[in-house]
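Asks: Below is the sequence, then the predicted model.
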Amino acid sequence: MPQELILFTKNLGKQYKNRWAAQDINLEVRRGDVFGFLGPNGAGKSTTIRMILSLIKPTTGSVELFGHKLTTHRELALQNVAGIVEKPDFYLYLTAYRNMEIAGSLTLGKSPDRKKIMETLELVGLSERALDKVKTYSHGMKQRLGIAQALLCDPQLIMLDEPTSGLDPQGMKEVRELITRLSKEQGITVFLSSHLLNEVEQVATRMAIINKSKMIVQGSVEELLKVHANKILFNVEPKKKSLSVLKKIKTVVEPTMTDGGIIATVESKHVPSVVAELVNAECKVFSVEPKHSLEEYFLTVTEEQT
Amino acid sequence: MLFIGMKQSPFSIRRLLRRGTKSTTPRNDPNILMLNLIYWELFKTYAKWRTYIGFIAVGVLIPLVMWIMWIEGGKFIQYQLRTLQADFLITGNLFNGWVIAQIIMNGLWVHVPALIALVAGDQLAGEATSGTFRLILIRPVSRTRILNAKYFSTLIYSASLVIAIAALSVGLGLWIFGSGDLIVIDKEGITILPESNLVIRFLFAYALAIWSMFVVASLAFFISSFVENAIGPIITTMTVIVIFLIISNLPVESVESIKPWLFTTHMNVWQQAFRDPFDWDRIIHSCLVLGAYSMVFYAMTLWIFNRKDILS
């Protein structure tokens, strides 16, 4: 049974004068997804997120959240949505606690419970700094406070735009773990945009790639990467001789010389025989690595688009 | 400052905002929702140091003026009454707190508008500068409601500043200089207002002053909606006021037809409270013109704000 569609965009686009910042964006995000929205800088990720969160008016298309159209039922559509767009900003002259109160009251229509605020701050490790003004916070602390304000009202969908931007490796790891925990333990759907592919690869279940304002692909991470599941990197010497050997083998498709070695498409059941042929040809085989990473896939599809 | 640092507010309105009414949830009750929004806008306004610049300025300048008047004020009144004293016997305490308070009300031309623009101009531009539009405008609350809450809190601030001026100038003035009749000398003649009805007159005058200051607040608020720096609205508002004031006072026939439609022509409507009898036609006309300006500025702000793309 297909999962409920909670975010649906149809031909969503934004044009500024003669330039399209995003066009024909057709997203389908289902309940429980950790949805990775990938693209290089300037591709249109932030523009798309801003349109979904009603910060920007689309030029074309529509957005539906939880079955409600954003243009006609904005309040219902955003009722269960939280987000952080680029870097989280706060009222620096107020304490973290007051910022949380303000954010929560806008969603709930009343001031949130003190206990709930403190519990949420505890979750992100800021409970001891709750009564300090946000202007005294570091960048990492502000990022965590941003996540806290997003979680405060128990959203069903969280939209995170570059959530690890500016964080150190430890901070990035904590955010990834939090995203995984939110999805698996609390059943929250996460929409995560980033240009850091390895970061998304570790957490995303479904993804879409956008490049030069257009969406290229969308689907399950597992299914999309299966396309490249048979890519193998042969770390061999001498390279030229090895390349000529591989070109003669029928089970090896399109062997290509790269800086790291020779990449070719080979079904896994044929890999031992290919290695044996290289050895018989007196080629030295240092390593054989499967290349089905998201980075490889991303580079391939974006180059194809170009 | 009333709300900051208080863990449990003694005010029932805050308890109401937490619990809502018994019959409806806060989200479903638009009145409670609006009350909640206005509360937090007021909280944000009065938590900023710049809000208190106006009150501090008033708190320093009014006593300073009174000190100067204490030293030199007697001579000032003598000078004002010099032509009358030749033909009339003037008795009583004409140099009293009511006179001083009325003199101070002339700050409503430029000084008080500047202090109001300082806060009103920051209401929307300040959120754009700090990036906090991305915090509030992704919430399930309409932009219209958020704008209305900001507008009402701006008007409340404007009123509170005028009330502070009123309380300080009348209170301190009566305490230092005592009470008495109010003599008003202007181009329309001489009016002596008995002490017995001055309280009502001054209340009426300050109410009219608040109404005229709402236009200044609305103008600064409007300019704040399409810039991302609070300095712009402040300077632009004061520039508009000064230019309109100049036009309003130009003794040139070609501008006579537009003078009645400039809001600065009617900003001194508070002076009508010191006429005897009241010129109700003039008061009502001025109030309607001022109210129309406020509404037009508000409507334009609403139109811009609902269409604005938040890119910062």
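Replies: That came through fine.
Asks: Residue in chain A with the shortest distance to chain B?
Replies: Proximity of chain A to chain B (CB to the nearest CB) peaks at residue A:89, 3.2 Å away. Quick note: C-beta positions are derived from backbone N, CA and C, even for glycine.
Asks: Any idea how many residues pack against that residue?
Replies: By the criterion of other CB atoms under 10 Å in any protein chain shown, residue A:89 has 21 neighbours.
Asks: mind checking pLDDT for it?
Replies: Here, the pLDDT recorded for residue A:89 equals 89.
Asks: any idea how far it lies from residue B:275?
Replies: Per CB to CB, to the nearest Å, residue A:89 is found 52 Å from residue B:275.
Asks: which ones are touching the residue nearest the centre of chain A?
Replies: Most central in chain A under CA atoms, centre = their mean is residue A:36, positioned 2.8 Å from the mean C-alpha point. By CB atoms under 8 Å, 6 or more residues apart in numbering or on different chains, the contact list for residue A:36 reads A:192-194, A:200-201, A:203-204, A:206-208, A:221.
Asks: and chain B, which of those contact it?
Replies: The subset of the contacts of residue A:36 lying close to chain B, counting by CB under 8 Å from any CB of the partner chain, is empty.
Asks: Could you find the closest non-adjacent residue to whichever residue of chain B sits closest to chain A?
Replies: Residue of chain B nearest chain A, by CB to the nearest CB: residue B:131 (3.2 Å). The shortest distance from residue B:131 to any non-neighbouring residue, by CB to CB, 6 or more residues apart in numbering or on different chains, is to residue A:89 (3.2 Å).
Asks: so where's the stretch 101-250 of chain B uncertain?
Replies: Along the stretch 101-250 of chain B, the parts satisfying pLDDT under 70 run over B:187-188.
Asks: Which residues of it lie near chain A?
Replies: B:130-142.
Asks: PyMOL command to pick out the buried ones of those residues?
Replies: Burial among those is assessed by 16 or more other CB atoms under 10 Å in any protein chain shown; the matching PyMOL selection reads:
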select buried, chain B and resi 130+131+132+133+134+135+136+137+138+139+140+141
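Asks: In helices, which of the residues of the stretch 101-250 of chain B next to chain A appear?
Replies: Of the positions in those, B:130, B:133-136 sit in helices, assigned by DSSP state H.
Asks: Residue A:12 should be in a strand, yeah?
Replies: Yes: assigned with DSSP: H, G, I helix; E, B strand; the rest coil, residue A:12 falls within a strand.
Asks: Show me the strands in the stretch 51-200 of chain A, by range?
Replies: Using DSSP state E, counting those that start in this stretch, the strands of the stretch 51-200 of chain A run over A:60-65, A:68-69, A:81-84, A:157-161, A:189-194.
Asks: Residue B:117 is nearest to which of those strands?
Replies: Closest of those to residue B:117 is strand A:81-84, at 33.3 Å (criterion: CB to CB).
Asks: picking that back up, tell me what the residue nearest to the centre of chain A is bridged to.
Replies: residue A:192, residue A:207 (DSSP bridges).
Asks: do you know how far it is from residue A:59?
Replies: Distance from residue A:36 to residue A:59, by CB to CB: 25 Å.
Asks: what does residue B:55 give?
Replies: For residue B:55 relative to residue A:59 (CB to CB), the value is 46 Å.
Asks: now do residue A:168
Replies: Residue A:168 is 38 Å from residue A:59, by CB to CB.
Asks: and what of residue B:295?
Replies: In terms of CB to CB, residue B:295 sits 31 Å off from residue A:59.
Asks: Looking at the two, which one has more neighbours?
Replies: Using other CB under 10 Å as the criterion, residue B:295 and residue A:59 rank with residue A:59 on top: 15 against 12.
Asks: Can you tell me the closest non-neighbouring residue to the more buried one?
Replies: Residue A:59 sits nearest to residue A:15 (CB to CB, 6+ apart), 4.4 Å away.
Asks: list the buried ones in the one helix or strand that neighbour maps to?
Replies: Element membership of residue A:15 [criterion: DSSP states H and E] is strand A:5-16. Within strand A:5-16, the residues that count as buried by 16+ other CB under 10 Å are A:6-9, A:12-14.
Asks: and it with strand A:189-194, angle?
Replies: 30 degrees (axes from the mean of the first three to the mean of the last three CA atoms, to 10 degrees).
Asks: what's strand A:5-16 packed up against?
Replies: Applying 3 or more CB pairs under 8 Å, 6 or more residues apart in numbering or on different chains; DSSP states H and E, we find strand A:5-16 packed against strand A:19-25, strand A:28-30, helix A:45-52, strand A:60-65, strand A:189-194.
Asks: So in that sheet, which strands flank it, and in what orientation?
Replies: Partners of strand A:5-16 in its sheet, by DSSP bridges: strand A:19-25 (antiparallel), strand A:28-30 (antiparallel), strand A:60-65 (antiparallel).
Asks: where do the strands sit along the stretch 201-306 of chain A?
Replies: A:206-211, A:214-220, A:231-237, A:253-257, A:262-265, A:284-290.
Asks: For the ones you listed, give me JSON lines that also has mean pLDDT, mean neighbour count and distance to residue B:164.
Replies: Output for the strands of the stretch 201-306 of chain A, formatted as JSON lines (pLDDT from 0 to 100; neighbours: other CB atoms under 10 Å in any protein chain shown; distance: least, CB to CB, whole Å):
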{"stretch": "strand A:206-211", "mean pLDDT": "91", "mean neighbour count": "24", "distance to residue B:164": "54"}
{"stretch": "strand A:214-220", "mean pLDDT": "89", "mean neighbour count": "17", "distance to residue B:164": "57"}
{"stretch": "strand A:231-237", "mean pLDDT": "88", "mean neighbour count": "20", "distance to residue B:164": "74"}
{"stretch": "strand A:253-257", "mean pLDDT": "88", "mean neighbour count": "14", "distance to residue B:164": "78"}
{"stretch": "strand A:262-265", "mean pLDDT": "88", "mean neighbour count": "20", "distance to residue B:164": "76"}
{"stretch": "strand A:284-290", "mean pLDDT": "88", "mean neighbour count": "13", "distance to residue B:164": "74"}
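Asks: what about the longest helix in chain A?
Replies: Assigned via DSSP H, chain A shows its longest helix as helix A:169-186.
Asks: Now that one - C-alpha only, CSV.
Replies: Taking Å, rounded to 0.1, in the frame of the first residue of the first chain, the C-alpha atoms of helix A:169-186 are listed here in CSV:
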residue,chain,number,x,y,z
PRO,A,169,32.3,17.4,11.8
GLN,A,170,31.0,16.5,15.3
GLY,A,171,28.1,18.8,14.8
MET,A,172,27.3,17.4,11.4
LYS,A,173,27.3,13.9,12.8
GLU,A,174,24.9,14.9,15.6
VAL,A,175,22.6,16.4,13.1
ARG,A,176,22.6,13.3,10.9
GLU,A,177,21.9,11.1,14.0
LEU,A,178,19.1,13.5,15.0
ILE,A,179,17.5,13.2,11.6
THR,A,180,17.7,9.4,11.6
ARG,A,181,16.2,9.4,15.1
LEU,A,182,13.4,11.7,14.2
SER,A,183,12.5,9.6,11.3
LYS,A,184,12.8,6.1,12.9
GLU,A,185,11.7,6.8,16.4
GLN,A,186,9.2,9.6,16.0
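Asks: and that helix, average pLDDT?
Replies: 83.
Asks: could you give the angle of that helix to strand A:157-161?
Replies: 160 degrees.
Asks: For helix A:169-186, buried residues please.
Replies: Those would be A:171-172, A:174-176, A:178-179, A:182-183, for helix A:169-186 by 16+ other CB under 10 Å.
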